[in-house]
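**Student:** could you work out the structure for the sequence below:
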Amino acid sequence: MNESRPNRKLLTVIGPGILVAATGVGAGDLSMGALTGSQLGLVILWAAVVGAFLKYLLSEGLTRWQLATGDTLLEGAADHLGPVVRYGFLAYVVLWSFGVGAALMSACGVTAHAIFPLGSELNPDRDKIVYGILHSLVAVVMVRIGGYRLFEKVMSVCIAIMFFTVVATAIALGPAWGEVLSGICWPQIPNLGGDGLQWTVGLMGGVGGTVTILCYGYWIREEGRSGVEDLKLCRLDLAVGYGMTALFGIGMVIIGTQISAEGRGSRFVVDLADALETQLGAGGLVAKWAFLIGAWGAVFSSLLGVWQSIPYLFADFWGLTFGRTEEERKAAVETNSPAYRGYLYAIATVPMLGLMGNFASVQKWNAILGAFIIPMLAGVLLILNGREKWVGRDQRNSPLTVLLLTATLLFFLTAFWFEVQKKLGG
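**Tutor:** Model (predicted):
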C-alpha cells in the first residue's frame, strides 16, 4: 500500500527531484558528455546547462498541469486529445521499454564486469549477460519488497556516489577554470558548418532523461502533493534535481576535454576509467576505481528508476482503459495492482533477450524513440496548459512559457531529426 504524507525532512522535500536526476542519467549520458567535450572542447559547456533547463521547463509544466487539475499528464492527454494519443503512447512506451531495458542491463553488465570479473577466465560477453540479468532481478526485488521509500533512499545514495565521483574527477583533472567559466556563460557552437551543431544538439537532448520525465508526476503523488499550494515545493526540488544534472553534464564535458578514450556507450565509460589511471599518475588507480564505482551508480540507478517508474505509466493507462472511480484516479498508483506488477516483471525479463546477441537495430530504434518524446511532450504541454478552462487563469502558460515551450519543441524536433539521420544513415 502507498504510504501517507510524511513529515518534510530534506529527503522528502527534494526526493522526487533527486529521482528525476538519478533516473535520467545513464551510460549514454556519461559517454555523450565526454564525447562532446572531446569533440568541441570547453566552449560547449553552456549546452549542458541549457539542456537541463529545458528538461526542467517540461517537468514544471507537467507538474503544473497535475497540481491544477488533479490528473496526470497521461490522463489529461487521454481525456482531451483522444484515443489515438492514448493508444499511440501505449505502443510507444512498450517499444521504448524493450530497447531501454536491454540497454540498461547491458550497461550494468559491462560496468560490473570491469569492477569485478567473474571466474578465472575473463569473459566480458558472458559476464555482461550474467551481471545484466542479476542487476535486473535485484532491482525487481527492491521495488517489490522495499516499495517507494526504499527505492527513494537507494537512488539518493546512488546519485550521491555518481555526482561526487564525476565532480571530483573533473576538478582533479585541473581544467583551465577561466575557460570553464567562459564556456558556461558565453554560448557558442564551434565548427557550426560541420558536425558541431549535431554534437551540441545531442548534448542538450541527452541531459536529463526522456520518457522518465513523465514519472515525476507519479513520484509527487507518492509524496502526497496534490494541490497548487505544493507547486513552489515541486519547483524547488526540480531545480535541485536538474541543477545536479547540469553540474553532472558539465563534469563529463570537462573530463572529455582532458582525456581521450575509445569505445561506445558503457564500454566507452570503462575505457574512460582506464585512461584516467594513466592521466592522473600516482593517484590514477584510485581515480579509476572511484570513477568505475560512480559509473556503476549512474547506470544502476537509471535501471532501478526505470523499473520502478515506467510501470506507473502502464498501470495508469490500464486504469484509464478499464475504468476506475474518481477517488482511485486522484490517488497514487497502486503498486500492488496486477497492471503495475505485470509490467514490472515484463520490463525486467523480456529485454534480457537483447543481452544474448547483437541488439544494434533495436538500440538504434530505441535512440530514435527516446529523441521523439521531448518534442511530443512540449507540444502536449502547449495545448493542455494553454486552456484556461482546464487549468485556471493562474496556472495557464504565460507568454514567456509559451515562447520557451515553442523553442523547446522546435529545438527537440531538430534533435529528433539529427538522431534519425545519424541512426538510419550509419
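**Student:** mean confidence for stretch 71-91?
**Tutor:** For stretch 71-91, mean pLDDT is 88.
**Student:** buried ones in it?
**Tutor:** 71-78, 81, 85-86, 89-90 (16 or more other C-beta atoms under 10 Å). All C-beta atoms are positioned from the backbone trio N, CA, C, and that covers glycine.
**Student:** cool, and stretch 94-114?
**Tutor:** 96-114.
**Student:** and stretch 29-37, by the same measure?
**Tutor:** Neighbour counts over stretch 29-37 (16+ other C-beta under 10 Å) mark Asp29, Leu30, Ser31, Met32, Gly33, Ala34, Leu35, Thr36, Gly37 as buried.
**Student:** contacts for that stretch, please.
**Tutor:** Contacts with stretch 29-37, where a contact means C-beta atoms under 8 Å, 6 or more residues apart in numbering, come from 44, 47-48, 199-200, 202-203, 206-207, 248-249, 251-257, 261, 264-266, 268-269, 272, 295, 298.
**Student:** run the last query once more with 7 Å
**Tutor:** For stretch 29-37, the surrounding residues in contact (C-beta atoms under 7 Å, 6 or more residues apart in numbering) are 44, 48, 199, 202-203, 206-207, 249, 252-257, 264-265, 268-269, 272, 295, 298.
**Student:** put the alpha carbons of the helix or strand where Gly132 lies into PDB.
**Tutor:** Using DSSP states H and E, Gly132 maps to helix 124-141. Extracted in PDB, the C-alpha atoms of helix 124-141 (Å, rounded to 0.1, in the frame of the first residue of the first chain):
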ATOM      1  CA  PRO A 124      33.200 -10.000 -20.900                       C
ATOM      2  CA  ASP A 125      30.300 -11.200 -23.000                       C
ATOM      3  CA  ARG A 126      29.400 -13.900 -20.500                       C
ATOM      4  CA  ASP A 127      29.800 -11.500 -17.600                       C
ATOM      5  CA  LYS A 128      27.700  -8.900 -19.300                       C
ATOM      6  CA  ILE A 129      24.800 -11.400 -19.600                       C
ATOM      7  CA  VAL A 130      25.200 -12.700 -16.000                       C
ATOM      8  CA  TYR A 131      25.500  -9.300 -14.400                       C
ATOM      9  CA  GLY A 132      22.800  -7.700 -16.600                       C
ATOM     10  CA  ILE A 133      20.300 -10.400 -15.500                       C
ATOM     11  CA  LEU A 134      21.400 -10.200 -11.900                       C
ATOM     12  CA  HIS A 135      21.000  -6.400 -11.700                       C
ATOM     13  CA  SER A 136      17.500  -6.700 -13.200                       C
ATOM     14  CA  LEU A 137      16.400  -9.300 -10.700                       C
ATOM     15  CA  VAL A 138      17.900  -7.400  -7.800                       C
ATOM     16  CA  ALA A 139      16.000  -4.200  -8.900                       C
ATOM     17  CA  VAL A 140      12.700  -6.100  -9.100                       C
ATOM     18  CA  VAL A 141      13.200  -7.400  -5.500                       C
END
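**Student:** from the chain's centroid, how far away is that helix?
**Tutor:** 20 Å (C-alpha atoms, centre = their mean, to the nearest Å).
**Student:** next: stretch 160-180.
**Tutor:** Here the centre of stretch 160-180 is set off from its chain's centre by 21 Å, with C-alpha atoms, centre = their mean.
**Student:** same deal with stretch 392-401?
**Tutor:** 27 Å.
**Student:** identify each buried residue in that stretch, please.
**Tutor:** Gln395, Arg396, Asn397, Thr401.
**Student:** which SS class is the first one?
**Tutor:** This means Gln395. coil (DSSP: H, G, I helix; E, B strand; the rest coil).
**Student:** filter the contacts of stretch 29-37 to the buried ones?
**Tutor:** Applying 16+ other C-beta under 10 Å to the contacts of stretch 29-37 flags 44, 48, 199, 202-203, 206-207, 249, 252-257, 265, 268-269, 272, 295, 298 as buried.
**Student:** okay, and for the protein, where does confidence drop off?
**Tutor:** 1-13, 27-28, 119-122, 192-194, 261-266, 323-332, 357-371, 419, 422-426 (pLDDT under 70).
**Student:** circling back: of the buried residues of stretch 71-91, closest to Cys185?
**Tutor:** Cys185 lies nearest to Leu73 out of the buried residues of stretch 71-91, by C-beta to C-beta, at 33.5 Å.
**Student:** quick one, what contacts the residue nearest to Val180 when sequence neighbours are not counted?
**Tutor:** Nearest residue to Val180 in three dimensions, chain neighbours excluded: Leu42, at 5.7 Å (C-beta to C-beta, 6 or more residues apart in numbering). Going by C-beta under 7 Å, 6+ apart, Leu42 touches Pro175, Glu179, Val180, Gly183, Ile254, Thr257.
**Student:** related to what we said a few turns ago, ok, residues contacting the helix holding Gly132?
**Tutor:** Applying C-beta under 7 Å, 6+ apart, the set of residues contacting helix 124-141 from outside is 105-106, 108-110, 112-113, 117-118, 300, 303-304, 307, 344-345, 348, 352, 355-356.
**Student:** from those residues, which land in helices?
**Tutor:** 105-106, 108-110, 112-113, 300, 303-304, 307, 344-345, 348 (DSSP state H).
**Student:** how far away is Gly17 from Ile255?
**Tutor:** Relative to Ile255, Gly17 is positioned 24 Å away (C-beta to C-beta, to the nearest Å).
**Student:** what's the neighbour count on Pro229?
**Tutor:** Actually, residue 229 is Glu. It isn't Pro. Neighbour count for Glu229, taken as other C-beta atoms under 10 Å: 9.
**Student:** how near is it to Asp394?
**Tutor:** From Glu229 to Asp394 the distance is 12 Å (C-beta to C-beta).
**Student:** the stretch 201-350 of the chain: strands as residue ranges?
**Tutor:** For the stretch 201-350 of the chain, applying DSSP state E, counting those that start in this stretch gives no strands.
**Student:** which one is Ser260 nearest to, not counting chain neighbours?
**Tutor:** Ser38 (6.0 Å).
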